Structures are given as C-alpha cells and as structure tokens.
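In: From the sequence below, what's the structure:
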Amino acid sequence: MKRGKKYLESLKIVDRTVLYGPTEAMELVKKAARAKFDETVEAHIKLGVDSRHADLQVRGAVVLPHGTGKIVRVLVFAKGEKATEAQQAGADYVGADDLVQKIQKENWFEFDVVVATPDMMGVVGRLGRILGPKGLMPNPKAGTVTMDVTKAIAEIKAGKIEYRLDKTNIIHCPIGKVSFGTEKLRDNFHTLLDAVVKAKPSAAKGLYLRSVTVASTMGPGVKMNQVKVLD
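Out: Purely as a prediction, here's the structure:
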C-alpha cells in the first residue's frame, strides 16, 4: 500500500518497536496528525477471545467524559407518548413504519445511532439485514432498546459510544479529536478501556488484552504497553 508524504513524515516520530505509556502515546498521536482537518483519534483494542463463540462476546456502551467531538444524529423508533418524549429530548428523527419504509426504499441513512422502545422491535426487526451489518441495530446491552428514551438520547448526545468485537477480535472506537489535547484523550481512553476490561467474559482464558493501539484518522498507529494502560 502506497503511503503519502505526510504519513511517512509522521511515521518517523513513532518507534514501532516501543510500547508507549498512555500519556506519551496520546502526545505522539497529536504530533503525528498532519491533516488540515481535526482528525478523529481511535483506539484499537485486540482481545484474547474468539468472537465466534457466544460466551466470548464483548459488547457494551460507555459515556466518554469529554464526548467524541462529533455531532451525533439520533433516530428513534417510538410511538405515542414515547415518540413525543423522544422529540422533546432532542432526537433528530422519530417515527415508526414510515422510517422503515424510508430506509428500505430510499436507502436513507442520515443518522448515526438508532434507539427503539421495546414494543417497536418487531417493526425494527424488519431492518435487521440492513442495519445489522452497519452496526446500527438497536441492542439492549448498548442501552439503545429502552423505554427511557430521554436518558438514551441525552447519553448519546453527550458522547456515549458502543464497543463491540469485529471478526478479528478487535474493538475499534473513537476516543475524541486531536484538538482535545493529551489529558482529555487520555481520560476518554481510560474510560473506554475500563469498560472493556470489566466486560471480560467469565469464559475467557489466558491473556485478555493482547494489544492496544491508538491512531488519528490519517496518522500511523502508536502501540501501547498493556501493563501501563492498566495503571
């Protein structure tokens, strides 16, 4: 894969043989971010579990103390009083069958998170094959299937993110923007990592945290010391 000049310049300041501590890693990510826009910083956490087994799944949600720096558009499937409540709580879109039709027929995806009341999951289920692969299907573990739509919307808007394993047993999550600075990025990172560690399945054996890397949108990955990140 051919890399651009800016990426290669950034790569010179990161020693790929070193496992960095949290503070040093965040500082390096900031220095290595050379794009003209405010790059997103992501954490990539590889776990010693097998996502193919139901008892080794790792999935949940956590509210980052400093948010993600991104404006999140929330779609809520609800009806009656709950639909009104969702609108008053600041949902960007609220509906039922009408939104299902819009997504199915118009390939409409002008939203980032989907919330649904439990009674609407029969309706939302019709979108499983569409929302599932995109990671948008509401899920009780992530707090997106709930009767308390006000709380769900407030947390999402405040910086709640969902974490889940991909097929290679890695969790990829945004932890903020380069402009946040070292301390805020470190706070957000530790909040995410603590949640992932607490979500360790009881059936998991051996080393749980296999590797931890942070990187900005256009920058190189900075590998972290698994022992130091837990301090």
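
In: Tell me what the residue nearest the centre of the chain is bridged to.
Out: Geometric centre of the chain, nearest residue: Cys173, 3.9 Å, by Cα atoms, centre = their mean. Going by DSSP bridges, Cys173 is paired in beta bridges with Ala43.

In: from memory it sits against Thr191, does it?
Out: No: judged on Cβ atoms under 8 Å, Cys173 makes no contact with Thr191 at a distance of 10.5 Å. To be clear about C-beta, it is placed using only N, CA and C from the backbone, and glycine gets the same treatment.

In: Next, count neighbours for Gly143.
Out: 20 (other Cβ atoms under 10 Å).

In: Look up how far Val124 lies from the residue lying farthest from the centre of the chain.
Out: Note on the chain: the largest C-alpha distance from the chain mean falls to Gly80, namely 30.4 Å (Cα atoms, centre = their mean). Plainly put, Gly80 is 16 Å away from Val124 if you go by Cβ to Cβ, to the nearest Å.

In: Please identify which helix or strand holds the closest residue to Lys167 other than its chain neighbours.
Out: Ranked by Cβ to Cβ, 6 or more residues apart in numbering and with sequence neighbours excluded, the top spatial neighbour of Lys167 is Ser51, at 6.5 Å. Here Ser51 sits in a region with no helix or strand, counting by DSSP states H and E.

In: What score does Ser51 have for pLDDT?
Out: Ser51 is assigned 88 on the pLDDT scale.

In: now do Tyr7
Out: Looking at Tyr7, its pLDDT stands at 61.

In: And Cys173, by the same measure?
Out: On the pLDDT scale, Cys173 gets 95.

In: do Ala54 as well
Out: So, for Ala54, pLDDT stands at 89.

In: Low-confidence ranges, the protein, go.
Out: 1-12, 231 (pLDDT under 70).

In: what's the domain layout of it?
Out: The record's domain parsing of the chain by automatic domain parsing lists 14-67+160-230, 74-157.

In: Just give me how far the first one sits from the chain centre.
Out: In this case it means domain 14-67+160-230. Put simply, domain 14-67+160-230 sits 10 Å off its chain's centre (Cα atoms, centre = their mean, to the nearest Å).

In: Just want the phi and psi numbers for Glu110.
Out: Per-residue torsions, Glu110: phi -90, psi 50 (degrees, to the nearest 10).

In: Return the residues in contact with it.
Out: Glu110 sits next to Arg73, Tyr93 when contact means Cβ atoms under 8 Å, 6 or more residues apart in numbering.

In: Pull out the buried positions in the helix or strand where Lys157 lies.
Out: Per DSSP H and E, Lys157 falls inside helix 149-158. Within helix 149-158, the residues that count as buried by 16 or more other Cβ atoms under 10 Å are Val149, Thr150, Ala152, Ile153, Glu155, Ile156, Lys157.

In: what's it packed up against?
Out: Where contact means 3 or more Cβ pairs under 8 Å, 6 or more residues apart in numbering; DSSP states H and E, helix 149-158 is packed against strand 74-77, helix 81-88, strand 113-116.

In: I'd like to know which elements the next helix or strand after it is packed against.
Out: Going down the chain from helix 149-158, the next helix or strand is strand 160-164, by DSSP H and E. Packing partners of strand 160-164 (3+ Cβ pairs under 8 Å, 6+ apart): strand 59-63, strand 170-177, helix 182-198.
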